[in-house]
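[1] Build me a structure from this.
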Amino acid sequence: MIPEFIVSVDIGTERTAVLVGETGTGGPMRIIGAAEQPSAGTRKGMIVDIDEAAQTLRRTAAHAARMAGVEIHGVCAGLTGPHIRSFDSRGMVPLGDGRREITATDVERVTTTARTITIPGDVEILHAIAQDFTVDDTQAVRDPVGMTAERLGTEIHLITAQTAHVENLVKVVERAGYEVLNIVFTPLAAAHAVLDVAERESGCLLIDLGAGVSSFVLYDSGSVRASGVLAAGAANVTNDLAVGLRVPLPVAEQIKLRRGLALASLADADEVLTVPEAGSEGGEVRREIVAAIIEPRCEEIFTMIKTAVAGGPRPQPAGSSVVLTGGGSKLEGIAEVAAQVFGMPARIGRPGELDGLSEVVTGEAWSACVGMLLYEDERFAREEERRRGRRGLGRMIGSLKRIAGLY
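    The predicted structure follows:
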């Protein structure tokens, strides 16, 4: 049964966010509760202190629950971190003697074969995403059900995580008093909130810029073709500013958020910023100097992602685009830097088409949380459809048995 509301949890390096979305409204997802607090017990997108992280989550979720007027029991949680690994896997199954029509059961069987691989004992599969099917000698088939063949093959994209980090996330949620209903790779969730069908079809690289890590998923022909995580993010920009301007980290963060600029050529030559505790700079610094500190770090992060995608099993598709989201993408000029590095159009992705408290969660930092709500809504709908199909099949078999006089 589809629940009346869904709760998403995003425990990041710098912020912990909780969203409550109402389902079954017949229109866009309705946001009825939202809360965020500075994170504790996390580093580089991973849990390093379970008690601190749980206490923060408990407070944040309680605030969201009060706003929504509901009692939270289970949540969908996002997961990222440098421990995430991904790769493609293939499988093939014969369909028996002679040619016959492919069924949904055959698709499930070949997908199970593709994901039945040997992986280290401390690693588990987070997602197994179908890419294409091969029907006899015909490749790149989207939906093989109903086609006639002798054998069926598939290629899937596997996203894995270290079991210890998965268990730590579960412990945090449970210690906060809730049940984990599902765990979703954070940029995969964000893609559900900010990408449209045309972008997924034509080829699009989504980059979720967090504080401690930068995660990405590459779409082409409607499916995920590559994914990964780099241990660098917006916090690295803050560190660079603190060193370059000789200011404390809180001051550097304030400068980045209020007047930071990722592309030096966009700064006016005579634009001056007031910088508290800037030492020898006398409390003032030209904005183009701030941009000159930020730009190389942004270029480095994007170059690392470009190299990771190019080194994967599939090169980045020609004629595609880049979509930036996450808190780190709020930096002015960052889309222009991405466009230069990747040599293709780039834009900032924000959640859209929401009801209720939509104005609260339209910012880039909310993309993952909103995407998890949409991801879970789709998952519950698919499960409900399968249950109805099984019930319908059961009723049909029962009718046939009664007609045949079997009982």
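[2] Only C-alpha atoms from now on, for both contacts and neighbour counts.
    OK.
[3] Kindly export stretch 320-339 (C-alpha atoms) in CSV.
    C-alpha atoms of stretch 320-339 as CSV (Å, rounded to 0.1, in the frame of the first residue of the first chain):
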residue,chain,number,x,y,z
SER,A,320,25.4,16.2,-23.8
SER,A,321,25.1,18.8,-21.0
VAL,A,322,26.2,19.3,-17.4
VAL,A,323,23.8,20.0,-14.5
LEU,A,324,25.2,21.2,-11.2
THR,A,325,23.2,20.9,-8.0
GLY,A,326,23.8,20.6,-4.2
GLY,A,327,24.9,23.3,-1.8
GLY,A,328,28.2,23.9,-3.6
SER,A,329,26.5,24.9,-6.8
LYS,A,330,25.2,28.1,-5.3
LEU,A,331,28.6,29.7,-6.0
GLU,A,332,28.2,32.5,-8.6
GLY,A,333,30.0,31.7,-11.9
ILE,A,334,30.4,27.9,-11.2
ALA,A,335,28.2,26.9,-14.1
GLU,A,336,30.5,28.9,-16.4
VAL,A,337,33.6,27.1,-15.1
ALA,A,338,31.9,23.7,-15.6
ALA,A,339,31.0,24.7,-19.2
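[4] what separates that stretch from the chain centre, distance-wise?
    Offset of stretch 320-339 from its chain centre (Cα atoms, centre = their mean, to the nearest Å): 16 Å.
[5] repeat for stretch 174-194
    Counting by Cα atoms, centre = their mean, stretch 174-194 comes out at 9 Å from the chain centroid.
[6] Next, the buried residues of it.
    For stretch 174-194, burial by neighbour count (16 or more other Cα atoms under 10 Å) applies to 174-180, 182-194.
[7] outside of that stretch, which residues touch it?
    Applying Cα atoms under 8 Å, 6 or more residues apart in numbering, the contact partners of stretch 174-194 are 51, 54-55, 57-58, 72-80, 126-127, 170, 173, 206-208, 215-217, 325, 349-352, 367-372, 374-375.
[8] That one: end-to-end distance?
    Criterion Cα to Cα, to the nearest Å; first-to-last residue distance in stretch 174-194 is 29 Å.
[9] In helices only, show me the buried residues of stretch 174-194.
    174, 175, 186, 187, 188, 189, 190, 191, 192, 193, 194 (DSSP state H).
[10] farthest-separated two in these?
    175 and 194 (31.5 Å; Cα to Cα).
[11] and residue 29, what is it in contact with?
    Counting by Cα under 8 Å, 6+ apart, residue 29 has contacts 21, 22, 23, 353, 354, 355, 373, 374.
[12] Using JSON lines, please lay out the ones in helices among the buried residues of stretch 174-194 together with pLDDT and distance to residue 139.
    Formatted as JSON lines, these follow (pLDDT from 0 to 100; distance: Cα to Cα, whole Å):
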{"residue": "174", "pLDDT": "98", "distance to residue 139": "44"}
{"residue": "175", "pLDDT": "97", "distance to residue 139": "48"}
{"residue": "186", "pLDDT": "96", "distance to residue 139": "30"}
{"residue": "187", "pLDDT": "96", "distance to residue 139": "28"}
{"residue": "188", "pLDDT": "96", "distance to residue 139": "25"}
{"residue": "189", "pLDDT": "96", "distance to residue 139": "28"}
{"residue": "190", "pLDDT": "96", "distance to residue 139": "30"}
{"residue": "191", "pLDDT": "96", "distance to residue 139": "26"}
{"residue": "192", "pLDDT": "93", "distance to residue 139": "27"}
{"residue": "193", "pLDDT": "93", "distance to residue 139": "30"}
{"residue": "194", "pLDDT": "95", "distance to residue 139": "30"}
